[in-house]
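Novice: Give me coordinates for this.
(2 chains)
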Amino acid sequence: MIRLGHILAKIALVATTTPMVMADIEIEEGRQFWSFQPLAEHAIPVVKDETWPRSNIDRFLLARLEASNLTPAPDATRETLLRRITFALTGLPPTIAEQDAFLADKSARPIESAIDTLLNSDAFAERWARHWLDIVRYADTSGGSGAHPMPDAWRFRDYVIDSFRQDKPLNQLIREHIAGDLLPFSSYEQQIAQLTATGFLVLGPHNYGDQDKELLALDIVDEQIDTLGKAFLGMTIGCARCHDHEFDPIPAEDYYALAGIFLSTKSVADAGFSKWFTQPYPLSTEEESEQASEKARVASLEAEIANLKMRIKMQSEPNSVSEAGANPNTGNAVEKSDPKKLQAELKMKEDLRKELQEKKPPARPSIMGVAEIEQPKDTQVRLRGLPREMGKTVQRGFLQVVTSPGMPSTKIDRGSGRLELANWIASDKNPLTARVLANRIWQHLFGHGIVRSPDNFGTTGNSPTHPELLDHLALLLIQNGWSTKKLVREIVLSRAWQMASAGGDPNGAKLDPENELLWRANKRRIDAESLRDSILTLSGSLNTERGGPSLPPDFKTEFDFEITSLKRSIYIPAFRNRPEEIFSNFDFANPNFVVGKRFESTLPTQSLYLMNSPFIHQQSNLAEKQLLEKSADAKGAVLRTYRHILGRAPKDDEMSLTLHFLKSADFSSEARAGLVRSLFSCVDFQYIH
Amino acid sequence: MNPRFNLSRRHLLKSAACGFGHLALSSILNAAPENVLAPKPPQHPARAKRVIFLFMQGGPSQVDTFDPKPELSKWDGKKVDFNHRGSTQSQKVLKHMWEFQHHGQCGQPVSSLFPNIAKHVDDICFLQGMHTEGVSHGPATLFLHTGATSLVRPSVGAWISYGLGSGNENVPAFVTINPPANQGGPRNYNNAFLPPIHQGTVLGQPGDRNALPKLANLKSPLSTEASVNEYNFLNQLNRIQAGPRPDAAVEGTINSLELAWRMQNNAAELVNLDRESQDMRDLYGVDEKPTNSFGRQCLAARQLAESGVRYIQINHCDNDAAPVWDQHSNMPKHQELALEVDKPIAGLLADLKQRGLLDDTLVWWGAEFGRTPFSQGEDGRDHNPKGFTSWLAGGGVKSGFSYGGTDEFGFKAVDGQVHMHDLHATILHLLGMDHERLTFRHSGRDFRLTDVHGRVVSEILA
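Specialist: Take a look at the predicted model:
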């Protein structure tokens, strides 16, 4: 040891020590942390006011409110409720017809029937698929250092929408994301869907131009691990790449156990400028039999051609008996074939054969996704995350800290281990997965999760505000076969979800300013897609076509690309470097990262967009023509416009203010469009109450 | 400014309200607070009126810029135990990659990366004993901006906006140009629990250091009369809908509309680089590669400073997982990056000085942390929050001054240590605010930018 000055305590010229290793004991202690504990069935709390709860969810919430001397807010009005439900479930506003039907429905359960209609709509699938795309960092360009178009990404997006439409079990969705190529299938469609699902692993932003291919491979694996850790497990596993996780019980060994799995997976097609891995669509049964019959056709043509050639040859040889003379068996003279005719026939058949042989199979669409490599193997810990500084080899496996009775075996016998990993994450017994997913659904409906850091269930994340309720929801999710629709239905039917967002307990703001205990509903800011989709719907210009490619065939780069599509926002290209203006202004999820919770900003740039942007002006002019132009009855037109845009009739002072505004401009089209614009911008449109 | 639009809201409401008498006008007026961004007096006499923060995302290396260490050459390639991140492994020392020379009367060493900034060392106060929290970009970037590594806390600029208001009611108090889109993204310029109007207004494009520093949609396509009427209508509609006791979010939406309206009608006061002379553009390196983008940001910052914005952040950042200055490998890339910013920053310092603006403008150059004196891979350096250099200029700090220092290797701050909390406290102090008294009551307790820490570094005050 040499001492230098008074500063460095110890300087060693040679490395003599071994790196720190997280002890088993730390992992064992780590298991005591709430999120690693097995899910538990908790007793439904007893509440004082039995008249309020409609479900067990309500009892869990009310018990906490009562303990804090808070009372829940009154029920929301039916108009407010319909608007809230429609936006929450579909991201769109209720039409006037839907409002009329809902308000007129005198049946015992009008809300249930409205909810069921919405749950079964395509719009529900689009809305909830979009939530999912936020956490799987979906984009149509590659990001990294470049912005290369990913022309097949949309197939993954459509697969996610289809999955939500079918209400595919969420754990099955995850299983397909990680190991869809390894799962059994019973139909061609299922096979394609499952292959497409693995696009999840290759959608990430990567620096494909990196010339250090070893580093590139490790970076891609790192992004895969980081994304699936945050998205499905609420764990920041990526932290353990360079050293044991500083806050959570995840040693670097666990990271490289996972890395071995993904290094045994083909995710990248290496080249000077590498690319994500793609494979052509597999053949369908029909295509296979079609190809077989074409093959047979060619074979029979070959035979016919050979036969013809033989006949022609025989004809040209006068001594040939069978062709020129009598049939030796019957003795009858056989009509001699016209040589020209034979030649023509031969030519026709030869041409046909040539055509068939040269016929190119139709261009096969390609799928972004992964495949197994030929020789899967374990990998070594990379010391300090350096690609070529090898530590010890670790067996492929999962997180040691996550164990729970009944979890599937972590043994990987053959293959990369992706299938085993997928089953381990998707297991009913995995303490993290169901909690993380139930929390996400809760957050999308209430505005905040029970764990307010939805992508971080580790020690640096937030603790659950209602841990027992979270377990209750997670178990409910599992018991209902991991169905999104059933859990959504259960939550929105709770009394708690249907509370008013204004008013409520006068002590609420003081005792619980963050509304953690949910003494009233949270007012929600309209999100970017809902804003754009609503405006397009209300102006009548929404293109209701679903699915299909995001990028036009001649697409070159996201820079300067002008989006002209009027389809729902989920179908608009999601760019990694240059998001569409309305998206970046209104806090669209950054597709470079897992975004479990979006920001809700309030900025003058948003107001400027709503006041002055060409899009808003265009759309308000169109809406004005539909709603107000031809109306002789100003009051009736204003009423209809409010109901159309805000989902409610104007209050008296709004009506008089509006009539005054229109009248003072002589009901000019500019003022009428101004009314529409103002309704798009006003508080009651920008917030879902 | 067109006086026609410099109307107070009260005036607008009154003039527009004539004609529908039964509207409860008084209640609307009573609900309308005064401009929340109106200038507020400082708590003590201020030395600076505004801050321009030049954020070098990713962490430039102190030992390759302003903090030379002869030991590095001596030990180059040899292994030394730095106890880096708790590791007992030795690390390979990596010598400076650029030559250093002493500059100015103060003799501050600056490497050849920054030949233009080097000409201004006599106006600069170097903080060479900086240290901070967070070893990875996310936490450290949030700590730099908000004083917290993971909890959602208001950004420095939001605190300053809250404490001082805007120097001009027609512009936001806090503007950030091309801010980082990751490493916390908008949380780095957010208001957290402060009223939403104090959030940073973004010019340009998050995550794109080459985006133009402009504000979109600033011009109304309508006639003046129609746009005034429409604005009045919308504002009154909002007041009706908000009710007498709007919550913070709704109040924030209304405030932000009002600010947007004032910005729209005073657009000329905000950024317009076209009105600058060619000489001025040349000074900042505008119109030439590779300085064009950052030059525009710096020139825009000066215009914003003139127009009354209190806290202007310009960002040398991108949208990659590894930020711009994050050279874990390939340290030579520092050269390319320095070329982009060196001339523009020098131009900004020269320009502020010649206009007399440097007296009450505090310029802050820095990053979320520095880099290690030892190598990562062949030619990279790792993150180092334990010791690095930031610098300040103007606005009440000593000039031609260097404070604090790191150990023989430039690894750890050992004297004149300035923690990020201390720097925050000092910046607030220079702006006339006491970091212990600039508080906001939230969730039952008073919050501060510096939490329960922070010391005003009186040694550097002029």
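Novice: Geometrically speaking, which residue is the centre of the chain?
Specialist: In the absence of a named chain, chain A is used. A:Leu133 (2.6 Å; Cα atoms, centre = their mean).
Novice: hmm, I had chain B in mind actually
Specialist: Nearest to chain B centroid, counting by Cα atoms, centre = their mean: B:Gln313, 2.9 Å.
Novice: list the contacts for that residue?
Specialist: B:Gln313 sits next to B:52-53, B:55, B:157, B:174-177, B:179, B:189, B:200 when contact means Cβ atoms under 8 Å, 6 or more residues apart in numbering or on different chains. All C-beta spots, glycine's among them, are computed from the backbone N, C-alpha and C.
Novice: mind checking which helix or strand the residue of the stretch 201-350 of chain B at minimum distance from chain A is in?
Specialist: In the stretch 201-350 of chain B, the residue that lies nearest chain A is B:Ala260 (3.5 Å; Cβ to the nearest Cβ). According to DSSP states H and E, B:Ala260 maps onto helix B:248-264.
Novice: Then A:Ile478?
Specialist: Counting by DSSP H and E, A:Ile478 is part of helix A:467-479.
Novice: for that helix, packing partners?
Specialist: Of the remaining helices and strands, those touching helix A:467-479 by 3 or more Cβ pairs under 8 Å, 6 or more residues apart in numbering or on different chains; DSSP states H and E are helix A:56-67, helix A:433-446, helix A:484-492.
Novice: How about the residues of the stretch 301-450 of chain B by chain A?
Specialist: B:319-321, B:376-377, B:382, B:407-409, B:411-412, B:414, B:442-444 (Cβ under 8 Å from any Cβ of the partner chain).
Novice: go again using 10 Å as the cut-off
Specialist: Residues of the stretch 301-450 of chain B lying close to chain A (Cβ under 10 Å from any Cβ of the partner chain) are B:318-322, B:328-330, B:376-378, B:380, B:382, B:406-409, B:411-412, B:414-415, B:441-444.
Novice: Spell out which parts of the stretch 201-350 of chain A neighbour chain B.
Specialist: Near chain B, when you scan the stretch 201-350 of chain A using Cβ under 10 Å from any Cβ, you find A:204-207, A:212, A:215, A:219, A:222-223, A:226, A:236, A:238-239, A:242-244, A:246-247.
Novice: Can I have the buried ones of those residues as a ChimeraX selection?
Specialist: To isolate the buried members of those in ChimeraX, using 16 or more other Cβ atoms under 10 Å in any protein chain shown:
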select /A:204,205,206,207,215,219,222,223,226,236,238,239,242,243,244
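Novice: Which of the residues of the stretch 201-350 of chain A next to chain B fall in helices?
Specialist: Judged by DSSP state H, the subset of those located in helices is A:215, A:219, A:222-223, A:226.
Novice: Need those residues in JSON lines (columns: pLDDT and distance to A:Ala197).
Specialist: Listed next are those as JSON lines, based on pLDDT from 0 to 100; distance: Cβ to Cβ, whole Å:
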{"residue": "A:Leu215", "pLDDT": "84", "distance to A:Ala197": "28"}
{"residue": "A:Asp219", "pLDDT": "88", "distance to A:Ala197": "23"}
{"residue": "A:Asp222", "pLDDT": "92", "distance to A:Ala197": "21"}
{"residue": "A:Glu223", "pLDDT": "92", "distance to A:Ala197": "17"}
{"residue": "A:Asp226", "pLDDT": "93", "distance to A:Ala197": "19"}
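Novice: Look up the residues forming beta bridges with the residue nearest to B:Pro172 when sequence neighbours are not counted.
Specialist: Using Cβ to Cβ, 6 or more residues apart in numbering or on different chains and skipping residues adjacent in sequence, the residue nearest B:Pro172 is B:Thr201, 4.3 Å away. On the basis of DSSP bridges, B:Thr201 is bridged to B:Val175.
Novice: how much space is there between B:Thr201 and B:Asp351?
Specialist: Distance, B:Thr201 to B:Asp351, using Cβ to Cβ, to the nearest Å: 23 Å.
Novice: likewise B:Gly58?
Specialist: Distance from B:Gly58 to B:Asp351, by Cβ to Cβ: 26 Å.
Novice: Looking at these two, which one has more neighbours?
Specialist: Neighbour count, other Cβ atoms under 10 Å in any protein chain shown: between B:Gly58 and B:Asp351, B:Gly58 has more, with 26 against 20.
Novice: I figured the more buried one hits B:Asp320, correct?
Specialist: Yes: with contact defined as Cβ atoms under 10 Å, B:Gly58 reaches B:Asp320; the gap is 9.0 Å.
Novice: picking up where we left off before, so what's the residue nearest to the centre of chain A up against?
Specialist: A:139, A:156-157, A:160-161, A:203, A:570, A:574, A:589, A:591, A:595 (Cβ atoms under 10 Å, 6 or more residues apart in numbering or on different chains).
Novice: Of these, which pair is most distant in space?
Specialist: Greatest spacing in the contacts of A:Leu133, by Cβ to Cβ: A:Ile161 and A:Val595 (18.3 Å).
Novice: Next one, pLDDT for residue 347 please.
Specialist: With no chain named, the answer covers chain A. With respect to pLDDT, A:Lys347 scores 90.
Novice: I was after chain B.
Specialist: 98.
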